[in-house]
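From the sequence below, what's the structure:
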Amino acid sequence: MPASRIRLHVEDTGGDGRPVILIHGWPLSADAWKTQVAILRDAQYRVISYDRRGFGRSDKPAEGYDYDTLAADLAGLIEERDLRDVTLVGFSMGGGEVARYVANHGQDRLHSVV
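Numbering: from 1, shown residues only. Okay, the predicted model is just below:
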C-alpha cells in the first residue's frame, strides 16, 4: 500500500517557528512526546508529532513496516505540509526511520537530525 494512501494521526502546534518533527519508537505513539511538545512549543518551535503507521490512532495496514515505507510516510508528511528547515528527532526505532529518511530522501528540507 503506498505511503500516501494511509491515514496518519498528526498533531501539529502550527505557527511560524522552525518545524521540529518528533518520531516515536516501538510500541509507542505521539503521546510519548507530550512533555517535550509543550516545552518546544513554548520555545517558539512548530512541533509536529505523529503516530507512525500501525501505532496509536494511525491506520494499521497489513504491510509496510519496513524502514523504506516508514521513511516514505515521513517524507509524505513533510511534503504535504511543505516543511523546510526541519529538525527530525527520532527515538529508538524512530531513529532508524530518520536515518532511512536521510538516505532515501536527502537533506534538502532538513536543518538537523537528533
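
Show me where the protein has its helices.
Ranges of helices within the chain are 34-42, 67-80, 93-105, based on DSSP state H.

will you turn the ones you listed into TSV that also has mean pLDDT?
Shown next, in TSV, are these (pLDDT from 0 to 100):
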stretch	mean pLDDT
helix 34-42	97
helix 67-80	97
helix 93-105	97
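
Out of the ones you listed, flag the one nearest H24.
For those, proximity to H24 was assessed by C-beta to C-beta; helix 93-105 is nearest, at 5.4 Å. Heads up, the C-betas are built off the backbone N, CA and C, glycines and all.

Output that closest one as CSV, nothing but the C-alphas.
Only the C-alpha atoms of helix 93-105 are listed here, as CSV (Å, rounded to 0.1, in the frame of the first residue of the first chain):
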residue,chain,number,x,y,z
MET,A,93,13.1,2.7,16.1
GLY,A,94,12.2,6.3,15.1
GLY,A,95,15.9,7.0,14.9
GLY,A,96,16.2,4.3,12.3
GLU,A,97,13.4,5.9,10.4
VAL,A,98,15.2,9.3,10.5
ALA,A,99,18.4,7.6,9.1
ARG,A,100,16.5,6.0,6.3
TYR,A,101,14.7,9.2,5.5
VAL,A,102,18.1,10.9,5.0
ALA,A,103,19.4,8.0,2.9
ASN,A,104,16.3,7.8,0.7
HIS,A,105,15.0,11.4,0.6
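
So what touches it?
Residues outside helix 93-105 that contact it (C-beta atoms under 8 Å, 6 or more residues apart in numbering) are 22-26, 52, 67-68, 70-72, 74-75, 88-90, 110, 113.
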